[in-house]
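Student: okay, predicted coordinates and the sequence, questions at the end:
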Amino acid sequence: LAIYMLGVLLEQRGEFPEAIEHYLAVQRLEPRHVSSLANLMALRHHVPEATLVRRAEEMAALPDIADEDRIKLHRGLGKHYERAADYERAFGQFAAAKQLLKRSRAAFDISTVAKFTDRAIQTFSRDLFARDYVRISDSQRPVFIVGLPYSGMTLTERILARHPHVFSAGELHDIPRMARMLRPDYPECMALMDADALNQMADDYLSVLERLAGPGPLRVTDRMPLNSQHLGLIARLFPEARIVSCRRDPLDIAISCFAEVFDPEHDYTATLEDFGHYFLEHERLMAHWRAVLPIPIHEVRYESLVADPDTTCRALTAYCGLAWDPVCLEFLKAKYQTSVGRWRHYLPHVTPVARFLEASGFRYSNETQTPTLHRPFHRYGRRWDAPPKSLTSPLFIVAAPRSGSTLLFETLAQSDSLCSVGGEAHWLVENHRELRPGAPGIDSNRLTADEATAHHRDRIIYQIGSRLVDNVGNPADLDGNRLFLEKTPK
């Protein structure tokens with residue numbers, strides 16, 4: 001019915017009283033219309049009449065009703081009983097919906113997830129990211145918001161979307177699609193892919209952002225949960241991107257997922273036991289990303305966001321390189337407080353998964369763990385009237401390949417008087433597409449003083465500053481007392 005579709009649209013727009021009126025109108029015209037009845041049960045802003053509740057229960061028990069419709073009714077009734085604080089009946093309805101859902105899908109296989117996690121960890125090692133790859137894209141536009149469903153991703157996206165310099169692109173399927181196109185060799189193929197192929201992938205993704213957001217916004221958010229599996233790919237394509245990891249008490253996530261109906265890609269939500277196994281694999285992979293990625297990952301804890309939104313939101317916008325704007329807090333309401341500790345209402349049912357997580361050694365803390373922010377690149381984006389102190393008398397090792405230059409570099413790099421970018425740095429020049437062979441006026445790798453423009457000089461200083469480390473690998477200051485050491489045969 002057209003009235004029903006308009007009700008769905010109104011609900012999606014947050015116009016709940018109007019949506020409720022449209023659903024009720026459908027029920028008056030067609031009492032057996034399942035979707036409108038299920039939506040009336042599920043809407044948090046509506047207390048349905050007892051006659052409607054009885055109708056939903058009776059229809060869910062009819063032998064000739066389709067499983068899809070029965071699932072909708074069980075879910076809606078579960079939401080209704082939860083609002084009425086009848087948690088046992090609510091859980092029973094959620095369990096009935098999940099049981100029906102399992103009949104139409106293949107059983108969840110945790111071994112498949114574990115095997116992919118193993119392959120990703122083996123492929124995207126610290127050594128891989130330490131190699132002297134040509135940097136693919138310097139774009140700082142993408143902000144990848146990752147996490148499990150109901151971990152606070154949507155809330156985090158809405159906070160950022162309020163900022164005048166941010167565009168929310170929703171859940172983009174482009175990164176998972178790229179990964180699928182690389183199968184069956186993905187992720188292992190990432191260690192061997194040439195720069196041209198990666199450049200094309202990066203350009204394609206940025207074109208999507210440009211088409212959706214236009215040229216104006218400084219940041220564009222991508223809230224696809226599956227991107228958490230592909231942060232290694234993301235880091236290779238966009239080393240200047242931001243990654244925001246949303247975290248929440250896993251028991252609250254578990255019960256929130258159990259109360260919903262997901263696409264097959266989230267089939268780990270069919271049982272609480274399946275969720276527990278998947279959660280640990282997710283945590284294992286995220287711990288690996290935090291350890292090896294060249295991009296610092298910013299964590300937003302749901303509980304911290306709800307308890308102290310001002311501090312949490314300020315840290316989030318600062319990480320994204322944005323000036324603080326109070327508008328980001330405008331829509332946060334006290335209603336989110338009720339979502340913290342939701343699992344306690346279902347304690348008998350979540351106790352087994354709680355014990356399973358505890359036995360694994362997992363411990364969850366409500367405290368936000370903020371990583372070191374992006375290196376202060378803005379300091380190095382200026383015009384340099386004179387070289388920074390570390391570059392006033394740089395030391396360059398110039399030699400043919402295989403002549404001992406690497407041994408000399410590694411020996412000198414141990415000195416506490418020197419700093420470097422950690423190894424050979426072909427990318428210092430190759431990141432400038434206009435200086436690569438084939439660009440206008442460039443027919444070889446031989447570059448002359450004509451190419452030493454102020455723009456290229458400042459950009460190279462910027463690149464050095466963003467990766468400068470001391471003799472033990474800690475970040476070093478361009479204006480510090482150490483001299484810069486560099487060795488690149490080309």
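Tutor: Cool, got the structure.

Student: any idea of the mean pLDDT for stretch 219-228?
Tutor: Averaging pLDDT along stretch 219-228 yields 96.

Student: which SS class is Leu478?
Tutor: Three-state call for Leu478 (DSSP: H, G, I helix; E, B strand; the rest coil): coil.

Student: got the confidence number for it?
Tutor: 86.

Student: cool, and Ser339?
Tutor: Note on Ser339: pLDDT of 77.

Student: for Arg135, same thing?
Tutor: 82.

Student: now for it, how many residues are close by?
Tutor: Per other CB atoms under 10 Å, the neighbour tally for Arg135 reads 17. For the C-beta atoms, the positions are set from N, CA and C on the backbone; glycine is no exception.

Student: now it: which helix or strand?
Tutor: For Arg135, there is no host helix or strand (DSSP states H and E).

Student: residues in contact with the closest residue to Met201 other than its chain neighbours?
Tutor: In space, and not counting its chain neighbours, Met201 is closest to Met178: 5.6 Å by CB to CB, 6 or more residues apart in numbering. With contact taken as CB atoms under 8 Å, 6 or more residues apart in numbering, Met178 is in contact with 201, 204-205, 230, 233.

Student: need these in JSON lines (columns: neighbour count and secondary structure).
Tutor: Converted to JSON lines, the contacts of Met178 look like this (neighbours: other CB atoms under 10 Å; DSSP: H, G, I helix; E, B strand; the rest coil):
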{"residue": "Met201", "neighbour count": "21", "secondary structure": "helix"}
{"residue": "Asp204", "neighbour count": "13", "secondary structure": "helix"}
{"residue": "Tyr205", "neighbour count": "23", "secondary structure": "helix"}
{"residue": "His230", "neighbour count": "22", "secondary structure": "helix"}
{"residue": "Leu233", "neighbour count": "24", "secondary structure": "helix"}
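
Student: select, from those, the two members most distant in space.
Tutor: For the contacts of Met178, the farthest-apart pair by CB to CB is Asp204 and His230; their separation is 14.7 Å.

Student: and the pLDDT for the residue nearest to Met201?
Tutor: 96.

Student: which one among the contacts of Met178 gets closest to Gly216?
Tutor: For the contacts of Met178, the nearest to Gly216 is Tyr205 (18.2 Å; CB to CB).

Student: wait, isn't that closest one in contact with Asp174?
Tutor: Yes. Between Tyr205 and Asp174 there is a contact at 5.4 Å, judged by CB atoms under 8 Å.

Student: tell me how many other residues crowd Ser417.
Tutor: Ser417 has 12 neighbours, counted by other CB under 10 Å.

Student: for Ile136, give me its contacts.
Tutor: Listed by CB under 8 Å, 6+ apart, the contact partners of Ile136 are 195, 198-199, 202, 236-239.

Student: just give the nearest non-adjacent residue to Leu52, would you?
Tutor: In this structure, Leu52 finds its nearest non-sequential neighbour in Leu40, 6.1 Å apart by CB to CB, 6+ apart.

Student: which stretch of helix or strand covers that neighbour?
Tutor: Using DSSP H and E, Leu40 sits in helix 34-42.

Student: quick one, phi psi at Asp470?
Tutor: Note on Asp470: its backbone torsions stand at phi -90, psi -170 [degrees, to the nearest 10].

Student: surely it meets Phe484?
Tutor: No. Look at Asp470 against Phe484 with CB under 8 Å: they stay out of range, at 11.3 Å.

Student: between these two, which one's more packed in?
Tutor: Using other CB under 10 Å, the more surrounded residue of Asp470 and Phe484 is Phe484, with 22 against 18.

Student: so what strands line up beside whichever helix or strand the more buried one is part of?
Tutor: Per DSSP H and E, Phe484 falls inside strand 483-487. Applying DSSP bridges to the sheet, strand 483-487 is found paired with strand 395-397 (parallel), strand 418-419 (parallel).

Student: need the pLDDT of Arg89.
Tutor: pLDDT recorded at Arg89 is 94.

Student: please name the nearest non-neighbouring residue to it.
Tutor: Of all residues not flanking Arg89 in the chain, Tyr81 sits nearest, at 4.3 Å (CB to CB, 6+ apart).

Student: and if you look at Arg248?
Tutor: Leaving aside its sequence neighbours, Arg248 sits nearest to Tyr302 (CB to CB, 6+ apart; 3.7 Å).

Student: give the buried residues for stretch 483-490.
Tutor: If you call a residue buried by 16 or more other CB atoms under 10 Å, then stretch 483-490 has these buried ones: 483-488.

Student: please state the offset of that stretch from the chain centre?
Tutor: Centroid separation for stretch 483-490 versus its chain: 35 Å, with CA atoms, centre = their mean, to the nearest Å.

Student: what does stretch 341-359 give?
Tutor: Relative to its chain's centre, stretch 341-359 lies at 26 Å (CA atoms, centre = their mean).

Student: what comes into contact with that stretch?
Tutor: Contacts of stretch 341-359 with the rest of the structure, by CB under 8 Å, 6+ apart, involve 82, 85, 87, 91, 249-252, 254-256, 272-273, 275-276, 279-280.

Student: go through this protein and flag its longest helix.
Tutor: Longest helix in the chain by number of residues (criterion: DSSP state H): helix 272-292.

Student: what's the burial count for Val469?
Tutor: The local packing of Val469 (other CB under 10 Å) involves 15 other residues.

Student: again, but for Arg103
Tutor: 8.

Student: the residue nearest to it when sequence neighbours are not counted and Ala60, how far apart?
Tutor: Counting by CB to CB, 6+ apart, Arg103 lies nearest to Asp67, which is 6.7 Å off, once chain neighbours are set aside. To Ala60, Asp67 is 11 Å away according to CB to CB, to the nearest Å.

Student: okay, those two: which has more neighbours?
Tutor: Each of Asp67 and Ala60 has its neighbours counted (other CB under 10 Å); Ala60 has more, 23 against 12.

Student: residues contacting Ala56?
Tutor: Ala56 is in contact with 37-38, 41, 73, 76-77, 80, counting by CB under 8 Å, 6+ apart.

Student: hang on, the earlier thing: you'd agree the residue nearest to Leu52 is up against Ala25?
Tutor: No. With contact defined as CB under 8 Å, Leu40 and Ala25 do not form a contacting pair (11.1 Å).

Student: more crowded one of these two?
Tutor: Counted by other CB under 10 Å, Leu40 and Ala25 do not tie: Leu40 has more neighbours, with 25 against 16.

Student: Asp86: how many residues sit nearby?
Tutor: Asp86 has 14 nearby residues by other CB under 10 Å.

Student: same check, this time on the one 4 residues further on
Tutor: Burial of Ala90, expressed as a neighbour count using other CB under 10 Å, amounts to 22.

Student: mind checking which helix or strand it is in?
Tutor: Applying DSSP H and E as the criterion places Ala90 in helix 87-103.
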